[in-house]
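Novice: quick one, what's the 3D model for this:
(one chain, ligands or ions: 2)
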Amino acid sequence: MTRVIKVAALAGDGIGPEVVPIAVAVLRTALAEVGAALEVQEALVGGCAIDQAGEPLPEETLAACRAADAVLLGAVGGPQWEDRPMDQRPEKGLLGLRSNLELFANLRPALLFPPLAQASSLKPELVSGLDILIVRELTGGIYFGEPRGIFFEDNERVGVNTYKYAEHEIERIARVAFDLAAKRQGRLCSVDKANVLEATDLWREVVSGLADEYPQVALSHMYVDNAGMQLVRAPKQFDVMVTGNMFGDILSDVAAMLTGSLGMLPSASLAADGFGLYEPVHGSAPDIAGQDAANPLATVLSAAMMCRYSLDLPAVAARIEEAVDGVLRRGLRTADILGGGEQDGMEQIGTKAMGEALLAEIESGAEGAGS
Ligand code: IPM
Ligand code: MG
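Specialist: Ligands and ions are numbered 1, 2, ... in the order given. Model prediction:
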């Protein structure tokens, strides 16, 4: 019997509607190779949802996600919505998905693709072979802690946010990180600010308390300021990093930039049962939206992560990743990964052409396998 995979596709804003259809097409083709069918339900999130449905996360969108096996998201946000009150901004759509779907574990790989080594801002020897995985807690910490808001106090306004973590929240994200580290190089660095913030002192204590259960993992701890410095000084010292919501937001952007390939990096946001939302690390890039200039590869690689983490189809994930590798080896580049001008053997192409090249790559691979 044909396995039917249901995916909710939330293209969102900016370049989202250009890159998501490409990832869907690639996913559909790769799934067909293993005899699985893809059923896609499109839904609104972010600024387009504000414009068309009056709110960043309409109830139908949540329902579509809940009815799906996994969610593929493009990006949210843009300058036209920036002046709105906090709870009516596109970003609230994303934060609402994370909390409502309990996507507490955010996996952000920062991987240097060898053909793109010259695109990093660091010296090639510092980043060649770079392969870091940042595990960011995604449904707690200062992003969601109460009380929060802008209040009156002594005749002036004060802004308040609360950095709060319960033990069970720390433990479950730490276990995800220990498990992943055990399958990689066996090194886990937990990042906190335990010298100043009590909430992260507890973080360190809880993470340390689990170490005995994972003898195959070497656990270390680092203050977040030092971690930021070490990421740009000697990034290859890291294998897996685990940290809270806000530190993870910041460090994952730093790590992404090290690879010189922001347009290449996928991410997964997972719930306890393996359900997940998959999205590129980059944003909605309004400056290049609608110009056929966006790099669809991060979204395509997010679809590959979906196959691996939520659909239990590692061979399909590998097939998609090979196709990405294949088009890069053939010298095909969107503008962002061209590395400052066309070089020997490289060809600048647009978003759509990149999508077509990927499909051709998957189809030719399948013929090769069959003959
Ligand atoms: C991210 C983004 C989001 C975050 C924004 C868009 C709410 O920066 O996914 O890293 O801060 O988590
Ligand atoms: Mg961010």
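
Novice: Ala43 versus the residue of the stretch 101-250 of the chain found nearest ligand 1, what's the distance?
Specialist: For the stretch 101-250 of the chain and ligand 1, the shortest gap (CB to the nearest ligand atom) falls at Asp249, measuring 4.5 Å. Yep, even glycine has a C-beta here, placed from its N, CA and C like the rest. Per CB to CB, to the nearest Å, Asp249 is found 25 Å from Ala43.

Novice: so which of those two has more stuff around it?
Specialist: Remark: of Asp249 and Ala43, Ala43 carries more neighbours, 22 against 18, as counted by other CB atoms under 10 Å.

Novice: in this structure the more buried one contacts Glu59, no?
Specialist: No - in this structure, Ala43 is not within contact of Glu59 by CB atoms under 8 Å, at 10.4 Å.

Novice: so the residue of the stretch 101-250 of the chain closest to ligand 1 sits in a helix?
Specialist: Yes - assessed by DSSP: H, G, I helix; E, B strand; the rest coil, Asp249 belongs to a helix.

Novice: over to the closest residue to it other than its chain neighbours: give its phi and psi.
Specialist: Computed as CB to CB, 6 or more residues apart in numbering, the closest residue to Asp249 that is not its neighbour in sequence is Arg136, at 6.9 Å. When quoted as degrees, to the nearest 10, the phi and psi of Arg136 stand at phi -110, psi 130.

Novice: the one 3 residues further on too?
Specialist: The main-chain torsion angles of Thr139 are listed as degrees, to the nearest 10 and equal phi -120, psi 10.

Novice: next, count neighbours for the closest residue to ligand 1 within the stretch 251-371 of the chain.
Specialist: Nearest residue of the stretch 251-371 of the chain to ligand 1: Ser252, at 6.4 Å (CB to the nearest ligand atom). Neighbours of Ser252 under the rule other CB under 10 Å: 24.

Novice: now swap in Ile150 and tell me
Specialist: Neighbours of Ile150 using other CB under 10 Å come to 9.

Novice: I'd assumed Arg157 was in contact with it.
Specialist: Yes - look at Ile150 against Arg157 with CB under 8 Å: they come within range, at 5.4 Å.

Novice: for ligand 1, what are the nearby residues on the stretch 51-200 of the chain?
Specialist: Residues of the stretch 51-200 of the chain found near ligand 1 (CB under 6 Å from any ligand atom) are 91, 94-95.

Novice: ok, of those, which one's closest to Pro286?
Specialist: Closest approach to Pro286 among these (CB to CB): Glu91, at 13.8 Å.
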